[in-house]
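Asker: Please work out how this folds:
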Amino acid sequence: PAGKALAADELPRWFALIGALAERRGAEPLVELAGAAVRDPDSPDRLYELGYALIDAGAPGIAAVVLWRCLALVGDSEEVVCELISALESALAYPDALAVLEDHAALRARSYLCRYLYAFNAAMAGRLELTRATLAQLAPESADGHELRDTIATICARADQLAGISPL
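Answerer: Next comes the predicted model:
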């Protein structure tokens, strides 16, 4: 994935470029966040804030690179993983989102949301066997959890209906 290829010593220059582009667009809050990341490129808080703002600004691919760096600094953070997955999904990079979640098995084991995201991104990446296997692990404890489980169950049911007729 592209996010893993950016060398740490390139980050300040890269963040400065993001800031310059944001300035040209008149996106002052993004300019400030990019400037803070230039000054402190190893701050998980600065990187998370910049990544989040880049998703909101419609630049999910760039956000993913920033959030990958943040994740490298903080480890197994549900908040950062979920935000990175959001960026990757927005960029339609489902195989990359699945790979991130595969790399965080311990987080999936303790986080219902991460298990759901794993099942969803597996389906979107064409890995329905993972989606089906994960569906069995989605034991909801809330109304929201039931809705998420139902979404995955519906995806599996639709795939079953289309089996042999059309690839999903």
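Asker: Low-confidence regions, the protein specifically.
Answerer: 1-6, 167-168 (pLDDT under 70).
Asker: Break down it into its strands, ranges please.
Answerer: Ranges of strands in the chain, per DSSP state E: none exist.
Asker: Where do the helices of it begin and end?
Answerer: Secondary structure of the chain (DSSP state H): helices located at 11-24, 28-39, 44-56, 60-74, 78-90, 94-102, 105-110, 112-124, 128-135, 143-162.
Asker: just the angle between the first one and helix 28-39, please?
Answerer: Spelled out, it's helix 11-24. 160 degrees (axes from the mean of the first three to the mean of the last three C-alpha atoms, to 10 degrees).
Asker: Helix 11-24 versus helix 44-56: what angle between them?
Answerer: Here helix 11-24 runs at an angle of 40 degrees relative to helix 44-56 (the same axes, to 10 degrees).
Asker: thinking again about what came up before, turn the helices of the chain into TSV, columns for mean neighbour count.
Answerer: Backbone N, C-alpha and C define where each C-beta goes, glycine included. Shown next, in TSV, are the helices of the chain (neighbours: other C-beta atoms under 10 Å):
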stretch	mean neighbour count
helix 11-24	16
helix 28-39	18
helix 44-56	21
helix 60-74	23
helix 78-90	21
helix 94-102	21
helix 105-110	14
helix 112-124	23
helix 128-135	17
helix 143-162	14
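Asker: Can you verify my assumption that residue 100 contacts residue 84?
Answerer: Yes. Residue 100 lies in contact with residue 84 (C-beta atoms under 8 Å); the separation is 5.9 Å.
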